[in-house]
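Chemist: my questions concern the predicted model and sequence given below.
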Amino acid sequence: MDQVYVFEVEDADAAAWRSEIAVLATTAAEAHRRIRAAGLHKKQIHRDGRPARVLAVAELPGVVDSPSGFMRRRDDDGGWTAWEQVAAGTPLSWRVSGQATVRTRGSGHR
């Protein structure tokens, strides 16, 4: 039975430098493989690559018909944004997207 696996990831476009990526899969390992295949580097995935939580499909039904198979929300100044479907072909990694606002988060980070 499919479940929605939610991973916390590094995101330079979010005020708090983190987003959550939701993916539909039958196991956590399959979900992890899918987000890695979508371009996220293992160091960008928090919690050593483990999902932050697992949801029933009914809790996030939009993931079923998401063109990319992913949904995302960002931790911004006002708290978490609403979940949004990720368009097909959109890189999940801000390092690849080229759309990130370059900000510093202490020494050595971009």
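Modeler: Looks like it arrived, so ask away.
Chemist: what residues does stretch 79-95 touch?
Modeler: With contact meaning Cβ atoms under 8 Å, 6 or more residues apart in numbering, stretch 79-95 is reached by 9-13, 20-22, 35, 38-41, 44, 60, 62-63, 65-68, 70-75, 97, 100. Quick note: C-beta positions are derived from backbone N, CA and C, even for glycine.
Chemist: no, scratch that, I was asking about stretch 65-74
Modeler: 11, 13-15, 18-24, 34-35, 38, 60, 62-63, 80-90, 92.
Chemist: filter those residues down to the buried ones and hand me the ChimeraX line.
Modeler: Under the burial definition 16 or more other Cβ atoms under 10 Å, those of these that qualify are selected in ChimeraX by:
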select :11,14,18,19,20,21,22,23,24,34,35,38,60,63,85,86,90,92
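Chemist: excluding chain neighbours, what is closest to the most centrally placed residue in the chain?
Modeler: In the chain, the residue lying closest to the centroid (Cα atoms, centre = their mean) is residue 21, at 2.3 Å. Nearest non-adjacent residue to residue 21, counting by Cβ to Cβ, 6 or more residues apart in numbering: residue 7, 5.0 Å away.
Chemist: helix, strand, or coil at the one you found?
Modeler: Secondary structure, DSSP: H, G, I helix; E, B strand; the rest coil: residue 7 is strand.
Chemist: picking up where we left off before, among the contacts of stretch 79-95, which are in strands?
Modeler: Those of the contacts of stretch 79-95 mapping onto strands are 9, 10, 20, 21, 22, 70, 71, 72, 73, 74, 75, per DSSP state E.
Chemist: for the fifth one, name its beta-bridge partners.
Modeler: Yep, that's residue 22 we're talking about. Counting by DSSP bridges, residue 22 is bridged to residue 6, residue 71.
Chemist: surely it touches residue 59?
Modeler: No - between residue 22 and residue 59 there is no contact under Cβ atoms under 8 Å: 9.6 Å.
Chemist: shared neighbours of those two, which are they?
Modeler: Common neighbours of residue 22 and residue 59 (Cβ under 8 Å, 6+ apart) are residue 4.
Chemist: alright, that wraps it up for me.
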